[in-house]
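[1] attaching a predicted model along with its sequence, questions to come.
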Amino acid sequence: MTKKIEYDFLTWKSFPSSARLFNDEQEGFAIWILPQARSLPVTPGSTLRVEANVKQKDVAVGPYPSLIPIDGWNGKEWSRIVTHHIKLGTFDWLFLTFESKVPSGIITITPALFGGAGYKEAPAITWFDDLKIYQDDKLIYANDFSNWTPIIIPAQIITGAAMIKFIK
């Protein structure tokens, strides 16, 4: 099997698209996408609030749930600031929100989307929509995914790397 990422150009919550991560691999593999413009300037000590709508089908294999991680850059290296783990299973659109303080030294952040693994008999599908990031209650990032040109990174979790392709 191959892994792939698709954009879902149907109207879900916003026009024209949701990010749809389709994972037809099972245990040990996952799918990441990142926006091409990765760096959002932030102020150390400020509060970040992330909001998104998420819909999921057949995400079943822990410890590989769907995630929304936020990474920070201190001028020398990237580090994980916060990761929101999305519950396993199948569910319709769910509004998620989470907060984190920007650590000392962090000058920019980047969001990512991670699609979890599925059952052996069914692929996992995760939709993300209306991703928004606030810094001290001021909107600093809002995207309906219509202009994402993702950087697609094959995940090497347990059993090796997977081939990932972008289908638009």
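    It's in. Note that the coordinates shown come from a computational prediction; the quantities given were computed from them, not determined experimentally.

[2] just give me the neighbour total for L48.
    24 (other CB atoms under 10 Å). Every C-beta, even on glycine, is put in place using the N, C-alpha and C of the backbone.

[3] quick one: contacts for it?
    Counting by CB atoms under 8 Å, 6 or more residues apart in numbering, L48 makes contact with V42, I70, I81, V82, E99, S100, K101, V102, I109, I133, Y134, Q135.

[4] buried residues of the lengthiest strand in the chain, list them for me.
    Ranked by residue count, the top strand of the chain under DSSP state E comes out as strand 47-61. The neighbour-count check on strand 47-61 (16 or more other CB atoms under 10 Å) flags 48-61 as buried.

[5] I'd like those laid out as JSON lines, including pLDDT and distance to D92.
    Shown next, in JSON lines, are those (pLDDT from 0 to 100; distance: CB to CB, whole Å):
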{"residue": "L48", "pLDDT": "97", "distance to D92": "27"}
{"residue": "R49", "pLDDT": "97", "distance to D92": "23"}
{"residue": "V50", "pLDDT": "95", "distance to D92": "20"}
{"residue": "E51", "pLDDT": "94", "distance to D92": "17"}
{"residue": "A52", "pLDDT": "91", "distance to D92": "14"}
{"residue": "N53", "pLDDT": "91", "distance to D92": "10"}
{"residue": "V54", "pLDDT": "91", "distance to D92": "10"}
{"residue": "K55", "pLDDT": "91", "distance to D92": "6"}
{"residue": "Q56", "pLDDT": "90", "distance to D92": "9"}
{"residue": "K57", "pLDDT": "88", "distance to D92": "10"}
{"residue": "D58", "pLDDT": "85", "distance to D92": "14"}
{"residue": "V59", "pLDDT": "82", "distance to D92": "14"}
{"residue": "A60", "pLDDT": "77", "distance to D92": "17"}
{"residue": "V61", "pLDDT": "64", "distance to D92": "21"}
